[in-house]
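**Q** Can you look at this prediction? I've put the sequence above it.
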Amino acid sequence: MKKALLLVLISLFFAGLVEARDYIVEKKAGDLTVTIRIDRNPPVVGSNNLEITLKDATGREVTDANIVVDYGMSGMPGMPAMNYRTGTQLQNGKFGATVKLSMAGPWTVTLKISRQGKTATTRFTVDAR
Ligand SMILES: [Cu+2]
């Protein structure tokens, strides 16, 4: 019995580590729940891979959507505002995108999600290191 408990604790510990590895943001866009998982934690200067999952109000995964990712940094002394855009690619029910953050600091990421003729937007900030 003790051994079994120990195994459970060990697997919970490693599950926790795996969970902590990615940077995760959860947002609402219209009636969709948007989960954004970033493979770098914290997000870094350079390439960061986003994996976006959409769920409808009933919790079902949504794949019949199109997502455009806008990301930028507002102007700072000696640096004009920077804005970039990338599309996403659907793979295994998730939308993948790569954002290339060219400098450290706060970046605003905006997802424009089009589905059934409607567009919903959600926005979050990451601090690139
Ligand atoms: Cu800057």
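**A** Now that the structure is in, tell me what you want to look at. Numbers count the residues shown, from 1 in each chain.

**Q** So which bits of the chain are right by the ion?
**A** 73, 76, 79, 103 (CB under 5 Å from the ion). Where C-beta positions appear, they are placed from N, C-alpha and C, glycine not excepted.

**Q** one more time with 8 Å, if that's ok
**A** Taking CB under 8 Å from the ion as the criterion, the chain approaches the ion at residues 73, 74, 75, 76, 79, 82, 103, 104, 105.

**Q** Which of those residues are buried, as a ChimeraX select command?
**A** Command for ChimeraX that selects the buried part of those, burial taken from 16 or more other CB atoms under 10 Å:
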select :73
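
**Q** Now do the helices in this protein.
**A** 2-21 (DSSP state H).

**Q** any low-confidence regions in this protein?
**A** 1-2, 5-20 (pLDDT under 70).

**Q** quick one, what contacts the residue sitting nearest the centre point of it?
**A** Nearest to the geometric centre of the chain sits residue 36, at 2.4 Å (CA atoms, centre = their mean). Counting by CB atoms under 8 Å, 6 or more residues apart in numbering, residue 36 touches 24, 25, 26, 27, 50, 51, 52, 109, 111, 124.

**Q** same question, residue 116
**A** So residue 116 contacts residue 64 (CB under 8 Å, 6+ apart).

**Q** Next, find the distance separating it from residue 100.
**A** Distance of residue 116 to residue 100, computed by CB to CB, to the nearest Å: 31 Å.
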